[in-house]
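have a look; sequence and predicted model below, questions after that.
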Amino acid sequence: MSILTQIRERAKSNLQRIILCEAGDSRIIRATREIISQQIARIVLVGEKETILSSFSLEEIKQLEIVNSDEDPLYLSARLLKEGRADGLVAGATRTTADVLKSLISILGCKDSLSISGAFLMEVANCSSGEEGVFIFADCGVIPEPSAKQLANIAIASADLFRLLINKEPKVAMLSFSTNGSATHRLLDKVIEATNIVKEISPDLKIDGEIQADAALVPEIAERKFPGSKIKGKANVLIFPDLNSGNIAYKLTERLAKARAVGPLLQNLRKPVSDLSRGCAVQDIVDAVAVTAVRAAT
């Protein structure tokens, strides 16, 4: 059973109220129908009430909570989330990540002073690397050039997310173009510093850095390049040094390896929120709702 199928089943066992605030988009309507049909979550649809009512059958409407919006639905949704009228939010099918983040930061706020970051749940079919082809990639959606402290926080949050969603031990790779001192450069210094910060904060977490992707993912190469590796070529949480590398990597993996990519799953907000790519498909929306529901239930 795929990890996304497992996550859907977990969502069904503890229904959460998830807001979808782009009800004018046909993909959101189709996704909502599927979510209702499969009983994955209780959907709160924010938008023009008449448009929503005309898009669903009477039986489907009975299973929805509809919030009429005469203001920006993103800001209204953030307020509903803050007030506890829903458990999570999925947005971004028609709005940029910058729009989504601006509304959430101004109204919902962060758990603490740490930066928001964006992780992706990646599932690669017929892949023995990671956790049988399952990974967390981060940060692939938010911080262009994270500091060492931000990079450390991304690693810790992503490890926690992996543990929550996959129920397995995270093995974190702080990726770079060098492995364990094979090169020296100012860009590597940040990755090394971030790795040391993580080790101080979470000494029991299995983490290596700086490390190249092949040494992170292939045990034979890890043994050759990094004999003292803690993750031993079995990384399942990949932390990228900047947004360029993270965003490129997840999109290449998604398109070339035909991977399923769910996210960005926004980290460090007061409530679970998933952003969407404006190029998302209906299946992406359904998966994002299921993942957000599981995060909300824990």
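Alright, I've got the coordinates. Residues are numbered from 1 along each chain as shown.

ok, Pro146 touching Ser115?
Yes. Counting by Cβ atoms under 8 Å, Pro146 touches Ser115, with 7.4 Å between them. C-beta: built from backbone N, CA, C; applies to glycine.

of these two, who's got more company?
Neighbour totals were compared for Pro146 and Ser115, and Pro146 leads with 24 against 19 (other Cβ atoms under 10 Å).

and Val46, backbone torsions?
Per-residue torsions, Val46: phi -110, psi 130 (degrees, to the nearest 10).

where does the closest residue to it other than its chain neighbours fall, phi/psi-wise?
With Cβ to Cβ, 6 or more residues apart in numbering as the criterion, Val46 has its nearest non-adjacent residue at 4.1 Å, and that residue is Cys21. Here is the backbone geometry of Cys21 (degrees, to the nearest 10): phi -110, psi 20.

ranges for the strands of this structure?
With DSSP state E as the criterion, the chain has strands at 17-20, 42-47, 65-68, 88-91, 117-123, 134-138, 171-175, 206-211, 237-239, 260-267, 273-275.

show me what the fourth one is packed against.
Same thing as strand 88-91. strand 17-20, helix 73-82, strand 273-275, helix 282-296 (3 or more Cβ pairs under 8 Å, 6 or more residues apart in numbering; DSSP states H and E).

ok, now with 10 Å
strand 17-20, helix 26-38, strand 42-47, helix 73-82, helix 97-103, strand 273-275, helix 282-296 (3 or more Cβ pairs under 10 Å, 6 or more residues apart in numbering; DSSP states H and E).

out of these, deepest packed?
Counting by mean count of other Cβ atoms under 10 Å, strand 273-275 has the highest mean neighbour count of the helices and strands packed on strand 88-91, with a mean of 28.

what about the residue nearest the centre of the chain, distance to Val294?
Closest to where the C-alpha atoms of the chain average out (Cα atoms, centre = their mean) is Leu265, at 2.4 Å. Going from Leu265 to Val294 by Cβ to Cβ, to the nearest Å gives 10 Å.

coming back round to it: nearest to Glu131, out of the helices and strands packed on strand 88-91?
helix 282-296 (15.5 Å; Cβ to Cβ).

so that closest one versus helix 26-38, what angle?
Computed by axes from the mean of the first three to the mean of the last three Cα atoms, to 10 degrees, the angle separating helix 282-296 from helix 26-38 equals 60 degrees.

overlap in contacts, Leu265 and Val294.
Counting by Cβ atoms under 10 Å, 6 or more residues apart in numbering, the common neighbours of Leu265 and Val294 are Leu165, Pro272.

pretty sure Asp214 is touching Glu223, no?
No. In terms of Cβ atoms under 10 Å, Asp214 does not count as a neighbour of Glu223; the distance is 11.8 Å.

overlap of the contact sets of those two?
Contact criterion Cβ under 10 Å, 6+ apart; residues shared by Asp214 and Glu223: Gly233.

about what we covered before: correct me, but the residue nearest to the centre of the chain touches Val289?
No. Leu265 is beyond contact range of Val289, at 11.8 Å (criterion: Cβ under 10 Å).

where do the contact lists of those two overlap?
Common neighbours of Leu265 and Val289 are listed as Ser274 (criterion: Cβ under 10 Å, 6+ apart).

longest helix of the chain?
If you go by DSSP state H, the chain has its longest helix at helix 148-166.

looking at the helices and strands packed on strand 88-91, which is nearest to Ser229?
Among the helices and strands packed on strand 88-91, the nearest to Ser229 by Cβ to Cβ is helix 282-296 (29.6 Å).
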